[in-house]
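**Student:** let's see this in three dimensions:
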Amino acid sequence: MAWVVLFWRHHYRAWAWAVGGATLALVVTITQVPWNNVFGRTWYTAHHTEFQTLADAAHQEQLHPDSDGWVRGHDSSVPNFGHGLQDVPVPGAPGRVLMAGMSSEEVSENLYVHVYGRPDAARIDPCTITTATFGEHYRCARLGAGWWWLQRRY
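**Tutor:** Just a heads-up that it's a prediction; the model follows:
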């Protein structure tokens with residue numbers, strides 16, 4: 001704002017309007033863009049090949065989850081993004097859910113989800129599969145190829 005006042009006082013009104021407008025646009029962008037969603041989509045796009053490899057391994061039953069659904073010590077050609085994978089059945093419905101969390105916490109703030117093993121898997125919204133599992137706690141964004149970005153609601 002100091003630049004706007006300085007330009008205005010020295011009769012550089014066009015510069016004052018330009019700097020003021022640019023500052024306002026920057027503030028609106030920083031405060032209104034859903035950056036968490038931008039991150040999820042960007043990460044998915046940048047690592048699309050790894051996500052496809054992971055989905056293919058799930059479809060071909062190559063992940064071998066333990067009794068809690070955690071995939072451990074799997075083939076190193078299957079990515080896990082460093083935070084582990086869970087491959088669990090959908091409660092009360094056919095199919096399975098592959099979850100790749102973006103943190104090492106037990107309940108990740110943000111995670112990628114791939115629903116498979118059901119005829120409508122490519123179209124189903126994981127937040128509507130069962131409200132108790134995802135819907136009350138996460139927002140869902142479709143990424144493509146059966147993948148979803150779930151971000152924690154606050």
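**Student:** what comes into contact with stretch 109-122?
**Tutor:** Stretch 109-122 has contacts (C-beta atoms under 8 Å, 6 or more residues apart in numbering) with 36, 39-40, 44, 51, 54-55, 58-59, 90, 93-103, 124, 126, 129, 134, 140, 143, 145-152. For the C-beta atoms, the positions are set from N, CA and C on the backbone; glycine is no exception.
**Student:** in it, what's buried?
**Tutor:** Neighbour counts over stretch 109-122 (16 or more other C-beta atoms under 10 Å) mark 110-116, 121 as buried.
**Student:** for stretch 49-59, same thing?
**Tutor:** Quick answer for stretch 49-59 (16+ other C-beta under 10 Å): 51, 54-55, 57-59.
**Student:** same question, stretch 83-90
**Tutor:** Neighbour-count burial for stretch 83-90, counted by 16+ other C-beta under 10 Å, picks out 85-87, 90.
**Student:** where's it relative to the chain centroid, distance-wise?
**Tutor:** Computed by C-alpha atoms, centre = their mean, to the nearest Å, the chain-centroid distance of stretch 83-90 equals 15 Å.
**Student:** mean confidence for that stretch?
**Tutor:** Stretch 83-90 shows a mean pLDDT of 79.
**Student:** can you redo the buried residues of stretch 49-59 as JSON lines with pLDDT and secondary structure?
**Tutor:** As requested, these are exported to JSON lines (pLDDT from 0 to 100; DSSP: H, G, I helix; E, B strand; the rest coil):
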{"residue": "Phe51", "pLDDT": "89", "secondary structure": "helix"}
{"residue": "Leu54", "pLDDT": "88", "secondary structure": "helix"}
{"residue": "Ala55", "pLDDT": "89", "secondary structure": "helix"}
{"residue": "Ala57", "pLDDT": "87", "secondary structure": "helix"}
{"residue": "Ala58", "pLDDT": "86", "secondary structure": "helix"}
{"residue": "His59", "pLDDT": "87", "secondary structure": "helix"}
